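*Asks:* Sequence unavailable; structure follows:
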């Protein structure tokens, strides 16, 4: 991995009431059983004040292997949305295992000409990281449509749903910084300290995979950054191993702070057979790197997700258990 000139930060144009937000299959298929959740997700977008629409590939039962369609078909649909001036934001329907198949087919010139928010997590982390590396685009590591807006949001208390709708709508429309994200008693200080830096991250295994592509973020992009990550599935040893890959790659020597999301369905975390806890794994890999670490923050597969905009400067105070967005994620619209 060698340092190279990085593109400047590219903020999408702020959305306005009535703007069109399209839900698209950017990775996995839509199973018929989740059709009601998708309908709920579109309703949530409309309550935020936007128009919601489904992209054509987002059709229950349509699939190719584990994907919604062949990678080239997904890329073609995504490129069409990126080029369509009516479409002002794109929300991934779900995660999956497909983005690696079309990273080289994305129309980055269309992004540079008309940057739009792309929302999602899980496999969508690859899009955020690679497009940020190639174009400077701010990526919105935020809830997916079907399992998130239409799933975990609906299971949350009504007050929490309302707070999330306001937070997401503000993130997409406001050209002033949001400031402190809403905290909860679940947040944990794993190592104290306070820093400011660019927010970079996603699903841990996708961060690692993105760094294995030719569009890896140059190491200097991690200088002073706040690395955020979450993980689901697999084993505790895999988390330890993936963090070790980032250590060997030099990433952990560069960052100034770390924010860890809520783990989900990871076997072997803190089990009675003396397996380590997630804080123990993180601090073991960090070693004597004395950086603040804030853990168990509400983003990731456990849902609902607080939005984590990739590339935006944040203030992290692990001891006080606060995380604040110091910059807006969108820029003023010039229509």
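*Replies:* All right, it came through fine. In this text, all values refer to a predicted model and were calculated from it rather than measured experimentally.

*Asks:* Sketch out the strands for the stretch 101-250 of the chain, chain order is fine.
*Replies:* Remark: strands assigned in the stretch 101-250 of the chain by DSSP state E, counting those that start in this stretch are 118-120, 139-141, 179-180, 188-191, 194-203, 226-230.

*Asks:* which strands and helices sit next to the second one?
*Replies:* This means strand 139-141. strand 118-120, helix 124-135, strand 194-203, strand 308-310 (3 or more CB pairs under 8 Å, 6 or more residues apart in numbering; DSSP states H and E). For the C-beta atoms, the positions are set from N, CA and C on the backbone; glycine is no exception.

*Asks:* Same list, the ones you listed, but as CSV with mean pLDDT, mean neighbour count and distance to residue 153 please.
*Replies:* Shown next, in CSV, are the helices and strands packed on strand 139-141 (pLDDT from 0 to 100; neighbours: other CB atoms under 10 Å; distance: least, CB to CB, whole Å):
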stretch, mean pLDDT, mean neighbour count, distance to residue 153
strand 118-120, 98, 28, 13
helix 124-135, 98, 25, 17
strand 194-203, 98, 23, 20
strand 308-310, 98, 25, 17
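
*Asks:* Pipe those into TSV and attach distance to residue 99 per row.
*Replies:* TSV is the format used below for the helices and strands packed on strand 139-141 (distance: least, CB to CB, whole Å):
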stretch	distance to residue 99
strand 118-120	10
helix 124-135	4
strand 194-203	11
strand 308-310	15
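
*Asks:* and of the ones you listed, who's closest to residue 280?
*Replies:* Nearest to residue 280 among those is strand 194-203 (20.4 Å), distances taken as CB to CB.

*Asks:* Give me the angle between that closest one and strand 226-230.
*Replies:* 40 degrees (axes from the mean of the first three to the mean of the last three CA atoms, to 10 degrees).

*Asks:* Run through the neighbouring helices and strands of strand 194-203.
*Replies:* Packing partners of strand 194-203 (3+ CB pairs under 8 Å, 6+ apart): helix 124-135, strand 139-141, strand 226-230, strand 257-261, strand 308-310, strand 313-317.

*Asks:* Which of the residues in the third one are classified as buried?
*Replies:* Along strand 226-230, the positions that meet the burial threshold by neighbour count (16 or more other CB atoms under 10 Å) are 226, 227, 228, 229, 230.

*Asks:* Let me know the helix or strand that the residue located most distally from the centre of the chain is in.
*Replies:* Largest separation from the mean C-alpha position in the chain: residue 273, at 33.1 Å (CA atoms, centre = their mean). Following DSSP states H and E, one finds residue 273 outside all helices and strands.

*Asks:* residue ranges for the helices of the stretch 151-300 of the chain, please.
*Replies:* In the stretch 151-300 of the chain, the helices defined using DSSP state H, counting those that start in this stretch lie at 153-155, 158-173, 204-210, 236-248, 251-254, 278-286.

*Asks:* can I get the ones you listed in CSV with distance to residue 53, mean neighbour count and mean pLDDT?
*Replies:* Compiled in CSV, the helices of the stretch 151-300 of the chain are given as follows (distance: least, CB to CB, whole Å; neighbours: other CB atoms under 10 Å; pLDDT from 0 to 100):
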stretch, distance to residue 53, mean neighbour count, mean pLDDT
helix 153-155, 19, 16, 96
helix 158-173, 16, 16, 97
helix 204-210, 27, 23, 97
helix 236-248, 36, 18, 97
helix 251-254, 38, 18, 98
helix 278-286, 39, 18, 97
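
*Asks:* give me the number of residues near residue 189?
*Replies:* Per other CB atoms under 10 Å, the neighbour tally for residue 189 reads 17.

*Asks:* And for residue 231?
*Replies:* Residue 231 - counted by other CB under 10 Å - has 25 other residues nearby.

*Asks:* How about residue 266?
*Replies:* Using other CB under 10 Å: residue 266 sits among 19 other residues.

*Asks:* Quick check: nearest residue in space to it, chain neighbours excluded?
*Replies:* In space, and not counting its chain neighbours, residue 266 is closest to residue 236: 5.8 Å by CB to CB, 6 or more residues apart in numbering.

*Asks:* my read: the one you found touches residue 273, true?
*Replies:* No - judged on CB atoms under 8 Å, residue 236 makes no contact with residue 273 at a distance of 11.3 Å.

*Asks:* Perfect, I'm done here.
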